[in-house]
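Enquirer: Below is the structure, and that's it, no one-letter string:
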């Protein structure tokens, strides 16, 4: 069974940090670019970051650029999202998703992703 499982969410104070993990089971992540997405209550799901198959290419939306860092360890079949300087607006359910295509780059178009995790909740509050 192909699965992506996110973990690492929780409650953090503004200015704090969390590291999310996205672990694959049943298949190898080596062949997929990975996107991170989030959905806050009452808002649409948005892509925020992605990483290419090799890890050489990453991309971020402006709202998280300089604060979030995506990385991957293909040997562990896991992708990470390091989130620093968290703000209340970062509170959301965070999802990872795997996609084919994009060659040596990556993308965060929702309809370009082939497999989704169930998400992990991040709460930013004092």
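Expert: All right, it came through fine. Remember, predicted model here, so these are calculated numbers, not experimental data. Residues are numbered from 1 along each chain as shown.
Enquirer: For the most centrally placed residue in the chain, list the residues it contacts.
Expert: Central residue of the chain (Cα atoms, centre = their mean): residue 36, 2.5 Å from the mean position. For residue 36, the contact set (Cβ atoms under 8 Å, 6 or more residues apart in numbering) comprises 20, 22, 47-50, 68, 70, 79, 81, 94-96, 108. Placement of C-beta: from N, CA and C, glycine included.
Enquirer: quick one: which of the residues you listed is nearest residue 7?
Expert: residue 20 (7.1 Å; Cβ to Cβ).
Enquirer: What residues are bridge-paired with the closest one?
Expert: When bridges are called by DSSP bridges, residue 20 pairs up with residue 81.
Enquirer: Correct me if wrong: it contacts residue 120.
Expert: Yes - using Cβ atoms under 8 Å, residue 20 is in contact with residue 120, at 6.2 Å.
Enquirer: gap between the residue nearest to residue 32 when sequence neighbours are not counted and residue 22?
Expert: Among residues not flanking residue 32 along the chain, residue 98 sits closest, at 3.9 Å (Cβ to Cβ, 6 or more residues apart in numbering). Per Cβ to Cβ, to the nearest Å, residue 98 is found 9 Å from residue 22.
Enquirer: again, but for residue 38
Expert: Distance of residue 38 to residue 22, computed by Cβ to Cβ: 13 Å.
Enquirer: more crowded one of the two?
Expert: More crowded of residue 38 and residue 22, by other Cβ atoms under 10 Å: residue 22, with 27 against 23.
Enquirer: The more buried one falls within a helix, correct?
Expert: No - read with DSSP: H, G, I helix; E, B strand; the rest coil, residue 22 is strand and lies in no helix.
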